[in-house]
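*Asks:* model this:
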Amino acid sequence: MAPWRWLPPLLALLLGLWGLERGGPGGSMWRDESVTWQVAHRPLGGLWRLLGEVDAVHGLYYLLMHGVFGLWDGGLWALRLPSVAATALAAAGVAAVGHRLAGERAALCAGAVYAVLPPVQMYAQEGRSYALVAAAVAWATYLMLRERWVAYAVVLLLGCWLHEFAVLALLAHAFTARRSRGWRWSAGVVLALLLPLAVVSVRQAERQLGWLGRPSWQDWAAYGVVAAAALLLARGAGRELVRVALPLVLLPPGLLMVISLINPWYVDRYVLYALAGLALLAGARLARARARWAWAAVAALLVPFALWSVWLRTPESRKDDVLAVAAAVRERARPGDAVLFMPARRREWLLSSPDVYASVRDLALDRSPAASHSLWGTELGPADIRGRLAHAPRVLALLDPVGQPLDPYPAEAAKREALAGFELCGVSEVRGARVALYARSGHCAT
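*Replies:* Below is the predicted model:
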């Protein structure tokens, strides 16, 4: 193997390892990663029963992480290293595609561009499946160019089972390979073997994606910027490279956004793999660049990219920090204190810190997440919640930040009404959350 081939994956690996814990001592973890942690730590039987109810779309990834934690329960490093490794593999795949289509110089540039793209860096350090999906799509694209159809079907199917929306890469690949009988057979096999997962996940879609809204103007603007950049970079590029790269960067996110006007399914990370197409176009353009102004423009882009990269390695780059929430509870809780999650799905903030969760009484809990085969457990009805609160001297309420809409459900309203009879002793604000201590009159200091 030529020495240059190691450079893109090595760059991706080094960027992935830099600041991997994301924060100071103990690091940080946001709620989606916490789901990975707590689900992957369940026994296989419990994990299987959970997937029959919710999150089947992430089932293969959870099984993989169950194996990782079984071999080495190494905290944040064990949680994120698979994504780091997958990003290095994806960078190598992008370089391999670039080499096939445009030569060594373009391959080196494309792989390096992919590694330094801020969204790629973000998900390289996240305990979710998106980096693994991107690696599968990058290598499936390479196998398509080599006409290795059995391997192509296996690798792309793996990506689709890690996350269903990898199937949109088939539409991009059709621009290059649709006339090939081998590709048509491979595409049919992928679709047929993905169908069982699709059937289950459609049944779970309301619980899985019910929180999503239609694409915002920011989503459309971001897509417009990426599309404009891709079209500009495609000018003068080789025809074969454009046929591979341009559909890959434009079609999966564009189609998912259009679908989301009817069924809101779009989140940019679901099609992270599309950035491989942008990296290929940028790499080909850089390989041909000779003018000083072109390299000056690259140098100018590196400044905001560097600042963005530093920010991505801070807790503030994510919506919340479940480890900071757990630390605040640990600091404020006294023996016998109760905890109330408002809303109930914020139970996730403590499920990845089982020692902290075990130290407080979960006042509203009816059945635990494991017992109910759910992500966050099930809660009591409004009357029972009021009854339990009536006998609690001190309650730690875990709340969303100020300004977030309040859940209208009766059980959530009952929590708010019952807490109105308590004294607010103090509030600790952490990233994406508030930890409020409520007590009966005279119990704040005890």
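
*Asks:* Any regions of this protein where pLDDT drops low?
*Replies:* 1, 207-211, 291, 446 (pLDDT under 70).

*Asks:* does the residue nearest in space to the middle of it count as helix, strand or coil?
*Replies:* With distances taken as C-alpha atoms, centre = their mean, Arg128 lies nearest the centre of the chain, 4.7 Å away. What DSSP: H, G, I helix; E, B strand; the rest coil gives for Arg128 is coil.

*Asks:* Can you get me the start-to-end distance on stretch 407-425?
*Replies:* Using C-alpha to C-alpha, to the nearest Å, the end-to-end distance of stretch 407-425 comes out at 23 Å.

*Asks:* Please identify the buried residues of it?
*Replies:* Neighbour counts over stretch 407-425 (16 or more other C-beta atoms under 10 Å) mark 407, 411-412, 414-415, 418-419, 422, 425 as buried. All C-beta atoms are positioned from the backbone trio N, CA, C, and that covers glycine.

*Asks:* check contacts around the residue nearest to the centre of the chain.
*Replies:* Contacts for Arg128 (C-beta atoms under 8 Å, 6 or more residues apart in numbering) come out as 32-33, 36, 58, 61, 83, 269.

*Asks:* Just the ones in strands from the buried residues of stretch 407-425, please.
*Replies:* Cys425 (DSSP state E).

*Asks:* Please flag which of the buried residues of stretch 407-425 sit within helices.
*Replies:* Using DSSP state H, the members of the buried residues of stretch 407-425 that fall in helices are 411-412, 414-415, 418-419.

*Asks:* isn't Ala86 right up against Ala131?
*Replies:* Yes - using C-beta atoms under 8 Å, Ala86 is in contact with Ala131, at 4.2 Å.

*Asks:* Settle it for me: which of those two has more neighbours?
*Replies:* Each of Ala86 and Ala131 has its neighbours counted (other C-beta atoms under 10 Å); Ala131 has more, 31 against 24.

*Asks:* I'd assumed the more buried one was in a strand, is it?
*Replies:* No - per three-state DSSP, Ala131 lies outside any strand segment and is helix.

*Asks:* I'd like to know how far it sits from Ala40.
*Replies:* Note on Ala131: its distance to Ala40, by C-beta to C-beta, to the nearest Å, is 16 Å.

*Asks:* Could you identify the helix or strand that succeeds the one helix or strand Val154 maps to?
*Replies:* Using DSSP states H and E, Val154 falls within helix 149-162. As assigned by DSSP H and E, the chain's next helix or strand after helix 149-162 is helix 169-177.

*Asks:* ok now that next one, how far from the chain's centre?
*Replies:* 25 Å (C-alpha atoms, centre = their mean, to the nearest Å).

*Asks:* by contact count, what packs against the following helix or strand past it?
*Replies:* Once the chain leaves helix 169-177, the next helix or strand it forms, by DSSP H and E, is helix 181-203. With contacts taken as 3 or more C-beta pairs under 8 Å, 6 or more residues apart in numbering; DSSP states H and E, helix 181-203 sits against helix 149-162, helix 169-177.

*Asks:* any residues touching helix 181-203, and which ones?
*Replies:* With contact meaning C-beta under 8 Å, 6+ apart, helix 181-203 is reached by 52, 56-57, 59, 144, 147, 149-150, 152-153, 156-157, 160-161, 164, 167, 170, 173-174, 177-178, 208.

*Asks:* so that helix versus helix 149-162, what angle?
*Replies:* Interaxial angle, helix 181-203 versus helix 149-162 (axes from the mean of the first three to the mean of the last three C-alpha atoms, to 10 degrees): 10 degrees.

*Asks:* List the buried residues of helix 181-203.
*Replies:* By 16+ other C-beta under 10 Å, the buried positions in helix 181-203 come out as 183, 186-187, 189-190, 194, 197, 200-201.

*Asks:* got those residues as JSON lines, with distance to Leu44 columns?
*Replies:* Below are the buried residues of helix 181-203 laid out as JSON lines (distance: C-beta to C-beta, whole Å):
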{"residue": "Trp183", "distance to Leu44": "36"}
{"residue": "Ser186", "distance to Leu44": "31"}
{"residue": "Ala187", "distance to Leu44": "32"}
{"residue": "Val189", "distance to Leu44": "27"}
{"residue": "Val190", "distance to Leu44": "26"}
{"residue": "Leu194", "distance to Leu44": "23"}
{"residue": "Leu197", "distance to Leu44": "18"}
{"residue": "Val200", "distance to Leu44": "18"}
{"residue": "Ser201", "distance to Leu44": "20"}
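
*Asks:* Check the offset of stretch 178-186 from the chain's centre.
*Replies:* Stretch 178-186 has its C-alpha centroid displaced from the chain centroid by 32 Å (C-alpha atoms, centre = their mean).

*Asks:* Just the C-alpha atoms of it, please, in PDB.
*Replies:* Output of stretch 178-186 as PDB, limited to C-alpha atoms (Å, rounded to 0.1, in the frame of the first residue of the first chain):
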ATOM      1  CA  ARG A 178     -28.200   1.700 -12.900                       C
ATOM      2  CA  ARG A 179     -27.400   0.100 -16.300                       C
ATOM      3  CA  SER A 180     -25.400  -2.700 -14.500                       C
ATOM      4  CA  ARG A 181     -27.300  -5.900 -14.000                       C
ATOM      5  CA  GLY A 182     -25.100  -6.700 -11.000                       C
ATOM      6  CA  TRP A 183     -26.000  -3.400  -9.400                       C
ATOM      7  CA  ARG A 184     -29.700  -3.900 -10.000                       C
ATOM      8  CA  TRP A 185     -29.600  -7.400  -8.400                       C
ATOM      9  CA  SER A 186     -27.500  -6.000  -5.400                       C
END
